[in-house]
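Requesting a structural model of the entry that follows:
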Amino acid sequence: MTAKYQKNGLILLFSLALGLSSAVYSANVTTQRAADIKAYTLINGGGIDDLSIELKDVKNRHIYAYCIHQCGDWFAYDPESDGYALKKKYQGAKVWASLSYEENHDRIVGPSHDEELYFVKKIKIESIR
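Here you go, the predicted model:
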């Protein structure tokens, strides 16, 4: 009778290990440190290959974050740089944004695959000056 319980215990342990291994395998291996939604001032932005913005937080720290389709229609073509620049009406705008600091994973042209960068996860304009 004891052998039967040991066999059932091993089967249960094995099935748990299989279930957990697939959960661990499917988990996102990238370390993401996402911040809560915070208030910022939109200072500048633009780009050629990838659009980014410069934000200033309440402690006057400047943060450069890549938009990846999160920023609105805030940029206009700038023939001088052959890229895009933040439209003047958005400079100084108050925004609420959620940022994350994570590995590039080849999303941005230039920085290496494993270089950590800020990315905009969500952003909303509160007021335009």
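
going forward, measure contacts and count neighbours with C-alpha atoms only.
Noted.

so how many other residues sit close to the closest residue to His105 other than its chain neighbours?
Nearest residue to His105, sequence neighbours excluded (C-alpha to C-alpha, 6 or more residues apart in numbering): His113, at 4.6 Å. By other C-alpha atoms under 10 Å, 13 other residues sit near His113.

cool, Lys38 as well?
13.

Please give me every residue in contact with the residue nearest to His105.
His113 makes contact with Glu103, Asn104, His105, Asp106, according to C-alpha atoms under 8 Å, 6 or more residues apart in numbering.

how about a cut-off of 6 Å?
Going by C-alpha atoms under 6 Å, 6 or more residues apart in numbering, His113 touches Asn104, His105, Asp106.

quick one: strands adjacent to the longest strand along the chain?
Scanning the chain for the longest strand, with DSSP state E as the assignment, gives strand 116-127. Under the criterion DSSP bridges, strand 116-127 sits next to strand 62-66 (parallel), strand 94-103 (antiparallel) in its sheet.
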